[in-house]
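*Asks:* sequence and predicted structure below; questions after.
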Amino acid sequence: MVWIFKKFDELTPSELYAALALRSEVFVVEQHCIFQDMDNRDQFSHHLLGWEGDKLLAYARIVPPGVAYVESSIGRIVTSPSARRQNIGRELVRRSIELLYTLHGKSVIRIGAQYYLRDFYESFGFDQAGDIYLEDGIEHIEMLLLTNS
């Protein structure tokens, strides 16, 4: 896989289109969730894209502090359905944490995670930080990574 990491304004139209298409494929179509994906956070974020040839298989955005939460955040973490069970999601999250620390220093990371993925994020050291809440009809929790353990 080839990993590309860019600020929003550095993304080519094709890269941006692929990222939005993958997010829509999973978050809207696969999860049967009608929501406004473009939330005015992309423009302030860095974007990590994992490519195999001309196919985008993984994507995440690194959100600076003060945009989504007081803390830095990783959001829109997504792996293509065609690439699941290949540990690409693990590589995506690992790289995202490292890049966030490089950009914003080693500080607390807050994410809003789908509840069913709690164990996955806990394997990186994230801890649940609040009660389950519904977002677009899907159970979510906030999680914090205090250190990269």
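*Replies:* It's in.
*Asks:* contacts, neighbours, all on C-alpha from now
*Replies:* Fine.
*Asks:* buried stuff in the lengthiest helix in the chain?
*Replies:* Using DSSP state H, we find that the single longest helix of the chain is helix 88-104. Neighbour counts over helix 88-104 (16 or more other C-alpha atoms under 10 Å) mark I88, G89, R90, L92, V93, R95, S96, I97, L99, L100, Y101, H104 as buried.
*Asks:* what about the strands in this protein?
*Replies:* In the chain, the strands defined using DSSP state E lie at 2-7, 46-52, 55-63, 72-79, 109-114, 127-128, 133-135, 138-145.
*Asks:* now render these as CSV, adding distance to A21 and mean pLDDT.
*Replies:* Formatted as CSV, the strands of the chain follow (distance: least, C-alpha to C-alpha, whole Å; pLDDT from 0 to 100):
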stretch, distance to A21, mean pLDDT
strand 2-7, 17, 98
strand 46-52, 12, 98
strand 55-63, 9, 98
strand 72-79, 11, 97
strand 109-114, 20, 96
strand 127-128, 29, 96
strand 133-135, 21, 91
strand 138-145, 20, 95
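*Asks:* which among the ones you listed is found nearest to Q31?
*Replies:* strand 138-145 (8.7 Å; C-alpha to C-alpha).
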